[in-house]
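Undergrad: kindly return the folded structure for what I paste below:
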Amino acid sequence: MHPLVHSWGRDRLPLDERKKCCLMAYVTLSCSLRWDADQPYGFQRILVTHVRANMEYFKAEGNQNIVSYMDDAYANFGRLLREQGYSKEAETLEIKVLSERNKILGVDHPETINALENLAATYCNLGKYIEAEKLEIQVLNGRNRILGVEHTDTINAIENLASTYSNLGKYKEGEKLQIQVLDARNKILGVEHSDTIFSMANLAAIYYHLGKFIEAEKLEIQVLDARNRILGVEHPHTIFAMGNLAQTYHHLGKYIEAEKLKIHVLDARNRILGVEHPHTILAMGNLASTYRNMGKYTEAEKLEIQVLDARNRILGVEHPDTIVAMANLASTYHQLGKDKEAKELKIQVLDARNRILGVEHPDTITAIANLASTYRNLGKYTEAEKLEVQVLNARNRILGVEHPDTIFAMANLAATYYNLGKFIEAEKLEIQVLDARNRILGVEHPDTICAMGNLAVTYSSMRKYTESEKLEIQVLDARNRILGVDHPHAIFAMENLAVTLRSLGKYKEAKRLVIQAQEVNSRVLEAESQCTIATRANVQEFQETLIMNFDKKVYSLSNLVKKTSKIMSKMAHSFHKDNDPR
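TA: Numbering: from 1, shown residues only. Predicted structure coming up:
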């Protein structure tokens, strides 16, 4: 009925009356917007529908000149559209605001600097980080000069620049600025002020990107507690805090805790913001990434196809978030054994990131690493090796030797060396990887356990069976305890240990493990596990190879190791670092 009344009014009113009513609606909508805590977010969400409809009417033929430039209205509508996820529409308005204020008020006027800041925020939402950085440096210089270093607006400018540095992959520069901001806000505003809590959340985000997950977790628990208490459980900032903590749990290997929080976040965003909002789509992508790490690849694939379709439609094919969605779907295709589809997507991702972000951006380097992993899975090890040496050198130079992404690059190159039969080179790198992960992530982290498993497989291929056995017992115990005995990685660990025990002549223990693995795998398949078709084939082939050789009185140990090491390589030497959105 509501749209029908609108349509009737437009059709029945004379042109002059329609123009007058449109102008009245425009001014009323502008005056209805306030940027204080008292105006409910839900009200602004409803209002944006009317604002967009009103502005569309302006664009209709013959209606362009209904409203001349109104500074406050343009600025209000620009901010509303940006905050509600319509950044392309916001950009058009905010460019006009900045141009007019420069001309009328001058470059040093506070309102002109505000316009610079607003346009920079929209550029960030659109992934135009280089343009945003330039504007934010202008904003910071202007506020330092006019307001002084202790003014809250100056501190806001420092924080915005720190955030943009993070988006550009300049995490260390961002960390320095964000610590400065948090200290200032604690001192001036107090620990309970909403801006102080924002600073804490932003510093936690930088720690997350630097791979300092334990430090990030501590801050994010404080942020979530404070926002629940002050803003309430349904407020968008509370839900953001929950999403960030969930993503940190994910990287700490706490997948069950992460899954619970991410399902809650997705439900809340669907209900409050709607299914098309960028933040809802982000929540869907984050839940998919956790499903992927839990071995629930089919659920991950379904969500990631929805995410990619939505981002293509809403943000466009060139937006960084669309490219992230493409990379994540490629990662899931890889896990499902769809390597050709994965390769096609990864080449598109790499081309787009080279063109948009540049060859030195961390996301471009991640795209190179992901393409290399696909070459490795297709058996093109020489091509993979070239790319992975390039990735490792770049990450050492840009991120430093201790960064988790640098260590991933080292692990990936080690995996390729292994597949090329360069076991000594692989062993050296894998020892470095394991030492670094033990020190940085801790002995219980899934990446540490993965590193342990990979080194064990390399020891096995070098016939260092005693060293391999020690590591594989630790891997199996850890995976059973953390992931559960039915998880595909726990089954892999059982199979790997069985091969090593067999090589050591411990036939009874080895056969017992293989039979146990078969029972677990059968139970999981009957329960319609999300273990992939490719993984099931590997496990079945592996088990048949082992059982066949146990029952032979005469066998060739070297043939057995050669046969099984290739299968083990698929299962254990698998490093794929996708670019999960936060």
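Undergrad: elements contacting the helix or strand where residue 31 lies?
TA: According to DSSP states H and E, residue 31 maps onto helix 15-32. Using 3 or more Cβ pairs under 8 Å, 6 or more residues apart in numbering; DSSP states H and E, the elements in contact with helix 15-32 are helix 41-59, helix 71-83. Every C-beta, even on glycine, is put in place using the N, C-alpha and C of the backbone.
Undergrad: distance from the shortest one to the middle of the chain?
TA: Put plainly, it is helix 71-83. Chain-centre distance of helix 71-83: 29 Å, with Cα atoms, centre = their mean, to the nearest Å.
Undergrad: can you pull the contacts of residue 509?
TA: residue 501 (Cβ atoms under 8 Å, 6 or more residues apart in numbering).
Undergrad: measure it to residue 472 for me?
TA: Distance, residue 509 to residue 472, by Cβ to Cβ, to the nearest Å: 12 Å.
Undergrad: give me the below-cutoff pLDDT ranges for the protein.
TA: Applying pLDDT under 70 to the chain flags residues 37, 59-67, 524-582.
Undergrad: how does it divide up, domain by domain?
TA: Following the TED database, one gets these domains for the chain: 1-147, 167-252, 455-534.
Undergrad: which one of these lies closest to residue 339?
TA: domain 455-534 (9.0 Å; Cβ to Cβ).
Undergrad: tell me if I'm right that residue 305 and residue 332 touch.
TA: No. Look at residue 305 against residue 332 with Cβ atoms under 8 Å: they stay out of range, at 9.2 Å.
Undergrad: which one of those two is surrounded by more residues?
TA: Comparing residue 305 with residue 332 by other Cβ atoms under 10 Å, the one with more neighbours is residue 332, at 27 against 14.
Undergrad: the more buried one is in what secondary structure piece?
TA: Element membership of residue 332, judged by DSSP H and E, is helix 320-335.
Undergrad: got the CA positions of that helix in PDB?
TA: This file holds the C-alpha atoms of helix 320-335, laid out as PDB (Å, rounded to 0.1, in the frame of the first residue of the first chain):
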ATOM      1  CA  PRO A 320      39.100  -5.600  -3.100                       C
ATOM      2  CA  ASP A 321      36.400  -7.400  -1.200                       C
ATOM      3  CA  THR A 322      35.100  -9.000  -4.400                       C
ATOM      4  CA  ILE A 323      38.600 -10.200  -5.100                       C
ATOM      5  CA  VAL A 324      38.900 -11.600  -1.600                       C
ATOM      6  CA  ALA A 325      35.700 -13.500  -2.100                       C
ATOM      7  CA  MET A 326      37.100 -15.000  -5.300                       C
ATOM      8  CA  ALA A 327      40.300 -16.000  -3.500                       C
ATOM      9  CA  ASN A 328      38.400 -17.700  -0.700                       C
ATOM     10  CA  LEU A 329      36.100 -19.600  -3.100                       C
ATOM     11  CA  ALA A 330      39.300 -20.700  -5.000                       C
ATOM     12  CA  SER A 331      40.700 -22.000  -1.700                       C
ATOM     13  CA  THR A 332      37.600 -24.100  -1.000                       C
ATOM     14  CA  TYR A 333      37.700 -25.500  -4.600                       C
ATOM     15  CA  HIS A 334      41.300 -26.500  -3.800                       C
ATOM     16  CA  GLN A 335      40.100 -28.300  -0.700                       C
END
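Undergrad: list the helices and strands that helix packs on?
TA: helix 278-293, helix 297-314, helix 339-356, helix 362-377.
Undergrad: which residues sit against the third one?
TA: Spelled out, it's helix 339-356. The contact list for helix 339-356 (Cβ under 8 Å, 6+ apart) reads 127, 317-318, 320, 323, 326-327, 329-331, 333-334, 361, 363-364, 367-368, 370-371, 374-375, 377-378.
Undergrad: list the buried residues in that helix.
TA: Using 16 or more other Cβ atoms under 10 Å as the test for burial, helix 339-356 gives 339, 341, 342, 343, 345, 346, 348, 349, 350, 352, 353, 356.
Undergrad: among those residues, which one sits closest to residue 34?
TA: For these, the closest approach to residue 34 (Cβ to Cβ) belongs to residue 356, at 36.4 Å.
Undergrad: and that closest one, how far from residue 267?
TA: Computed as Cβ to Cβ, the residue 356 to residue 267 distance reads 33 Å.
Undergrad: also residue 231?
TA: Relative to residue 267, and taking Cβ to Cβ, residue 231 is found at 18 Å.
Undergrad: same question, residue 4
TA: Residue 4 is 32 Å from residue 267, by Cβ to Cβ.
Undergrad: the two: which has the busier surroundings?
TA: Counted by other Cβ under 10 Å, residue 4 and residue 267 do not tie: residue 267 has more neighbours, with 13 against 8.
Undergrad: just the element for that one, please.
TA: Using DSSP H and E, residue 267 falls in helix 255-272.
Undergrad: from the chain's centroid, how far away is that helix?
TA: Relative to its parent chain, helix 255-272 has a centroid offset of 15 Å by Cα atoms, centre = their mean.
Undergrad: still on that earlier bit, could the helices and strands packed on helix 320-335 go into TSV alongside distance to residue 55?
TA: TSV is the format used below for those (distance: least, Cβ to Cβ, whole Å):
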stretch	distance to residue 55
helix 278-293	20
helix 297-314	18
helix 339-356	28
helix 362-377	33
